[in-house]
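# this one's structure only:
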Ligand code: HEM
């Protein structure tokens, strides 16, 4: 027997609990439904069961909705599940850095990069995060109109360039930022568009633009690395930490590896954090009660001083605002793995080659794990309720061996930026619903304009 979704029903699957998903087309499977609106499609799959068969083009696929199954997928990544290779756009920009690398190469790189983003190191980046937000606050005044997308992108870019590359002059920040922007935009287009389906060797105008942006990035990074090597002093940026990192054989990273890892950290951390902040302002603007509670905590904890790293732990409600934002608008919205021999989910053997999928978007909006899922309610995360949330029902940073390396960095950055700005201002985002567009990250579908209100 073979199911209409094309999942070969072999011996391993007899008696399995995999539910059939929506009907697909002969060759394309469910690809058209997925392509049209992937967020809605995953929510629809969720309605079919906790383990659902579907077809991603020719690939037999299983969607998992139960947090226990999601945990199986995440914790087994790199062991019994491979991540599908990333496309040419990623590889052109990020080289063979930790996001692109697989297997033993990935393990080595992860262990080299990890120490530079440990919570202890994040402490040393906190002042840059706060200072950058204070600089932005200095340019805002009551009644002013701001383009929230642009403001948050510029702020997180400044923080990323300063903390990763240790450069601070406006010209350096601009040059690096511009090259990264082009690269990031083109990766997003390639990821969301037809480029994702084309073989690597097909030249497209987008791929040519990515190549040109990568060349500029190469030159910029080489210039900054040379300056660091010449300077010799102990600097508190990520690049300096990578320059001194050694693997288990005592070898340093090569210049190419340094370039790949710094660019990877930038691309991995910049847009994800800026999107989170944009959605946070949108949600705060639509929920005056939460906005007041946030302002109350900032007044209580900070009074009229700026937040430092030690305030992160004290700003429990601000942290909850960020977590709740990441629940409703998880900037990375999908996870997938390819089953190797012996892969199981919930004790069910996945035939080799099966693509297993889950989605932060659909899981975070499942009423079984989050009652009234559409409501923005940071209180879900307080001491009384937070423990009731099932493990892997909320996974904006992924999980398992490939969990986001920048989790602490991103949380501290989002909390400090919100604390600096929301202590002084409320943003009134213009009326109207803003919908998410699932590109590389979950982006607002239009510009997000707001009026600044001084508190
Ligand atoms: C709110 C902000 C962020 C979100 C939602 C986020 C989310 C994620 C997720 C879901 C993954 C796993 C992807 C997978 O399935 O393989 C990931 C990986 C990664 N993230 Fe983040 N991230 C954020 C910020 C950052 C920041 C600030 C940095 C760097 C400072 C960073 C660096 C990385 C790296 C290097 C990886 C690859 C880890 C590996 O493959 O071993 N991220 N991130």
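Cool, got the structure. Computed from a predicted structure; not experimentally measured.
# Please point out which parts of stretch 441-455 sit buried.
441-444, 448, 450-452 (16 or more other C-beta atoms under 10 Å). The C-beta positions use only the backbone N, C-alpha and C, and glycine is treated the same way.
# Quick check on residue 453: phi, psi?
Dihedral pair for residue 453: phi -120, psi 120, per degrees, to the nearest 10.
# does the residue nearest to it when sequence neighbours are not counted count as helix, strand or coil?
Of all residues not flanking residue 453 in the chain, residue 426 sits nearest, at 4.6 Å (C-beta to C-beta, 6 or more residues apart in numbering). Going by DSSP: H, G, I helix; E, B strand; the rest coil, the secondary structure assigned to residue 426 is strand.
# just to revisit the earlier point, which one of the buried residues of stretch 441-455 is nearest residue 282?
For the buried residues of stretch 441-455, the minimum distance to residue 282 (C-beta to C-beta) is 6.3 Å, reached by residue 448.
# Look up how far residue 279 lies from the nearest residue to the closest one once chain neighbours are set aside.
Distances taken as C-beta to C-beta, 6+ apart put residue 148 closest to residue 448, at 4.1 Å, once the chain neighbours are dropped. Computed with C-beta to C-beta, to the nearest Å, the distance linking residue 148 and residue 279 is 10 Å.
# who has more neighbours, these two?
Neighbour count, other C-beta atoms under 10 Å: between residue 148 and residue 279, residue 279 has more, with 26 against 23.
# for the protein, where's the lowest mean pLDDT among helices and strands?
In the chain, no helix or strand scores lower on mean pLDDT, DSSP states H and E than helix 170-192, which sits at a mean of 77.
# contacts for stretch 362-379?
The contact list for stretch 362-379, computed with C-beta atoms under 8 Å, 6 or more residues apart in numbering, reads 39, 42-43, 45-46, 65, 67, 70, 283, 286-287, 290, 293, 317, 320-321, 323-325, 327-328, 330, 380, 385, 389-390, 393-396.
# hmm, 6 Å instead?
Residues outside stretch 362-379 that contact it (C-beta atoms under 6 Å, 6 or more residues apart in numbering) are 42-43, 46, 283, 287, 320-321, 324, 327, 330, 390, 393.
# Kindly report the same for stretch 147-155.
136, 274, 277-278, 281, 448, 450.
# Switch the residues you listed over to CSV; also include distance to residue 408 and secondary structure.
Shown next, in CSV, are those (distance: C-beta to C-beta, whole Å; DSSP: H, G, I helix; E, B strand; the rest coil):
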residue, distance to residue 408, secondary structure
136, 22, helix
274, 18, helix
277, 17, helix
278, 21, helix
281, 22, helix
448, 27, coil
450, 28, strand
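# Highest neighbour count among those?
residue 274 (28 neighbours).
# mind listing what residue 33 touches?
residue 41.
# I'd assumed it was in a strand, is it?
No - per three-state DSSP, residue 33 lies outside any strand segment and is helix.
# mind checking how far it is from the ligand?
Using C-beta to the nearest ligand atom, to the nearest Å, we find residue 33 at a distance of 23 Å from the ligand.
# For burial, what's the neighbour tally of residue 127?
Residue 127 has 15 neighbours, counted by other C-beta under 10 Å.
# Not including adjacent chain positions, what is the nearest residue to it?
Nearest non-adjacent residue to residue 127 (C-beta to C-beta, 6+ apart): residue 308, at 7.1 Å.
# Could you tell me how many residues sit around that neighbour?
With other C-beta under 10 Å as criterion, residue 308 counts 15.
# If anything else comes up later, I'll come back, but that's it for now.
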